[in-house]
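S.K.: Starting from these lines, generate the structure:
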Amino acid sequence: MEPTELHEADLLLRPWQPSDAEAVHRACQDPDIQRWTGVPSPYLLEHATHFVTTLAPQRWADGTGAAFAVCDAGTGELLGSCGLVTIDQVLRSGEVGYWTVPGARGRGVTVRAVRAVSRWAFEVLGLRRVTWQAEVGNHASRLVALRAGFRIDGRLRLADPHPGGGGDGWVGSLLPADLVEPPPTTPAEPGSLVARRAAVFGRPQPVLPATAGDVAIRLRPLADRDLDAIVATCRDPETQRWTTLPLSYQRSDAESFVREIAPTVWARGVAAEFAIADPDDRYAGSMSLRLSPTDPGLADVGFMAAPEARGRGFVPAALVAICAWGFAVLGLDRIEWRANVGNVASRRAAEKAGFVMEGTARGAIDQRGQRVDAWVGALLAGDLPARADKTERADKTEPACTGHTGPVRADRTGRSG
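M.R.: Residues are numbered from 1 along each chain as shown. This is a model prediction of the structure:
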């Protein structure tokens, strides 16, 4: 395959040259490039030299890949890398891979480069499909793929996962018919809900402050130091009465929840699992915010309180904090709550946080094989400001917990383009 140059607006995509070695070496010191791609770590000058003088030219020569340096067309400055990391001549399919230097991010450089490479692959190489893969959690790469027109098809287990990452990845594909000029605005454009959430879930999970009366608490990521308290809470008779947790809850269930499920749903951008922490940072309960897979403005909340933390107003305060974050940061319009009919403590906690009770849903919850009725309530974005300071203490007579809290099963996913 003969090396070629591609021109895309203000970009020049050209084959790599020996003189690019130092620029590649500098770029690949970036922690994000080392974390989300397959480059060696630590990345040495000899790695860059081997890439630009041997690896990239060899793939051009044997037709197994096409690597381009993405440069500013006016100045020649290196902005990134984009190309086909593999080419399957039998299937007429290729896989795209890319990285961008830190100073060129946020300018649409990589989106334009991916479209240019894909167009060339279809029109010149005669490929029938271009695929994309990234480790689940690499929201920046996923957003580039969406903006370039790729359809994110699902998840798969990675053949060569990153040593510091997960074992599964997102996978997407682009067909020639998909590569049409983008409309004036797309769901993945800057400022859209997709872009907004990619920026949130592409970073570490935050810590959310809250106040229960005059006591400062917080919602933070779950940690191993919470395991014993989680097990005790999930074995508590009142917790088991009102939730769908296993009756024979084991430490292994808590370990799976803290170490695998909670980080995975955050990486996928589908949910946030928090520990409610008291002023001494001890575990006082769990709180979940789960995004609807079909309605981008909708989420539901679930929670449970540790026995020794009940009656202190922690749950209503934490509910206000997580809902305020959901509305302001995730762009939610409606957050729903539901609990088994009869779970008065959960209902009172929700009402004190501003939730409006909307009725009873018959047979709405499957609790260990039996359908039970559920109270249903909701909080709208406009409801919260008037109730944000009303985090009254919960009654001490009942624990505050609601169904669907705990180690809900979730798929894992991970790799990078």
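
S.K.: Could you double-check that residue 113 sits in contact with residue 12?
M.R.: No: Residue 113 lies out of contact with residue 12 (Cβ atoms under 8 Å); the separation is 10.0 Å. (C-beta placed from N, C-alpha, C; glycine too.)

S.K.: what touches both of these two?
M.R.: Residues touching both residue 113 and residue 12 (Cβ atoms under 8 Å, 6 or more residues apart in numbering): residue 70.

S.K.: Give me the more crowded residue out of those two.
M.R.: Taking other Cβ atoms under 10 Å, residue 113 and residue 12 do not tie; residue 113 has more neighbours (28 against 19).

S.K.: Could you name the specific helix or strand carrying the more buried one?
M.R.: Element membership for residue 113 (DSSP states H and E) is helix 109-123.

S.K.: Residues contacting that helix, please?
M.R.: Identification of contacts with helix 109-123 by Cβ under 8 Å, 6+ apart yields 4, 6-9, 11, 13, 66, 68, 70, 79-80, 82-84, 94, 96, 98, 100, 127-128, 130, 144-145, 147-149, 174, 176, 179.

S.K.: out of everything not next to it in sequence, what's closest to the most centrally placed residue in the chain?
M.R.: Against the mean C-alpha coordinate of the chain, by Cα atoms, centre = their mean, the closest residue is residue 269 at 2.8 Å. Distances taken as Cβ to Cβ, 6 or more residues apart in numbering place residue 201 nearest to residue 269, at 3.8 Å, with adjacent residues excluded.

S.K.: quick one, helices of the protein?
M.R.: With DSSP state H as the criterion, the chain has helices at 21-27, 31-36, 45-50, 56-62, 109-123, 139-148, 193-201, 227-235, 237-242, 251-256, 262-268, 314-328, 344-352, 384-387.

S.K.: I figured residue 357 hits residue 374, correct?
M.R.: No: in this structure residue 357 lies outside contact range of residue 374 using Cβ under 8 Å: 11.3 Å.

S.K.: Of these two, give the one with the bigger neighbour count.
M.R.: Neighbours per residue, other Cβ under 10 Å: of residue 357 and residue 374, the larger number sits with residue 374, 22 against 13.

S.K.: Quick one: low-confidence residue ranges for the stretch 101-250 of the chain.
M.R.: In the predicted model, the stretch 101-250 of the chain carries pLDDT under 70 at residues 181-187, 190.

S.K.: Okay, domains of the chain per the record?
M.R.: What automatic domain parsing lists as the domains of the chain is 6-201, 208-387.

S.K.: how many other residues sit next to residue 85?
M.R.: By the criterion of other Cβ under 10 Å, residue 85 has 21 neighbours.

S.K.: check contacts around it.
M.R.: Residue 85 neighbours (Cβ under 8 Å, 6+ apart): 65, 67, 95, 96, 97.

S.K.: Farthest-apart pair in those residues, please.
M.R.: The span of those, defined through Cβ to Cβ, is set by 67 and 95 at 12.1 Å.

S.K.: okay, these two: which has more neighbours?
M.R.: Shown here are residue 67 and residue 95; by other Cβ under 10 Å, residue 67 has more neighbours (22 against 19).

S.K.: Report the beta-bridge partners for the more buried one.
M.R.: Using DSSP bridges, the bridge partners assigned to residue 67 are residue 83.

S.K.: For it, give its distance to residue 141.
M.R.: 17 Å (Cβ to Cβ, to the nearest Å).

S.K.: how many other residues sit next to the nearest residue to residue 39 once chain neighbours are set aside?
M.R.: Leaving aside its sequence neighbours, residue 39 sits nearest to residue 28 (Cβ to Cβ, 6+ apart; 5.2 Å). Neighbours of residue 28 under the rule other Cβ under 10 Å: 23.

S.K.: per-residue confidence for residue 28?
M.R.: With respect to pLDDT, residue 28 scores 97.

S.K.: thinking it is in contact with residue 45, fair?
M.R.: No: with contact defined as Cβ under 8 Å, residue 28 does not count as touching residue 45 (10.0 Å).

S.K.: What are the buried residues along stretch 332-345?
M.R.: The neighbour-count check on stretch 332-345 (16 or more other Cβ atoms under 10 Å) flags 332, 334, 335, 336, 337, 338, 339, 340, 341, 343, 345 as buried.

S.K.: can you give me the end-to-end distance of it?
M.R.: In stretch 332-345, first residue to last residue: 25 Å (Cα to Cα, to the nearest Å).

S.K.: How far away from the center of its chain is that stretch?
M.R.: 25 Å (Cα atoms, centre = their mean, to the nearest Å).

S.K.: Stretch 158-166 too?
M.R.: Its chain's average C-alpha position is 17 Å from that of stretch 158-166, according to Cα atoms, centre = their mean.

S.K.: If we go by neighbour counts, what in that stretch is buried?
M.R.: By neighbour count with 16+ other Cβ under 10 Å, stretch 158-166 contains the buried residues 158, 161, 162, 165, 166.

S.K.: end to end, how far does it reach?
M.R.: From its first residue to its last, stretch 158-166 covers 9 Å (Cα to Cα).

S.K.: repeat for stretch 217-236
M.R.: In stretch 217-236, first residue to last residue: 23 Å (Cα to Cα).

S.K.: Report the beta-bridge partners for the closest residue to residue 350 other than its chain neighbours.
M.R.: Excluding the flanking residues, the one nearest residue 350 by Cβ to Cβ, 6+ apart is residue 337, at 4.6 Å. Beta-bridge partners recorded for residue 337 (DSSP bridges): residue 377.

S.K.: circling back to that earlier point, tilt between the helix holding residue 113 and helix 139-148?
M.R.: 50 degrees (axes from the mean of the first three to the mean of the last three Cα atoms, to 10 degrees).

S.K.: Off-centre distance for helix 109-123?
M.R.: Remark: helix 109-123 is offset 26 Å from the chain centroid, using Cα atoms, centre = their mean.

S.K.: Can you report how many residues neighbour residue 350?
M.R.: Applying other Cβ under 10 Å, we find 28 residues neighbouring residue 350.

S.K.: Also residue 45?
M.R.: 13.

S.K.: was I right about it contacting residue 20?
M.R.: No: under the criterion of Cβ under 8 Å, residue 45 makes no contact with residue 20, lying 11.8 Å away.

S.K.: how close does the closest residue to residue 254 other than its chain neighbours sit to residue 285?
M.R.: What sits nearest to residue 254 in space, not counting adjacent residues and going by Cβ to Cβ, 6+ apart, is residue 230, at 4.4 Å. To residue 285, residue 230 is 9 Å away according to Cβ to Cβ.

S.K.: Counting neighbours, go ahead and name the busier of the two.
M.R.: Taking other Cβ under 10 Å, residue 230 and residue 285 do not tie; residue 285 has more neighbours (29 against 25).
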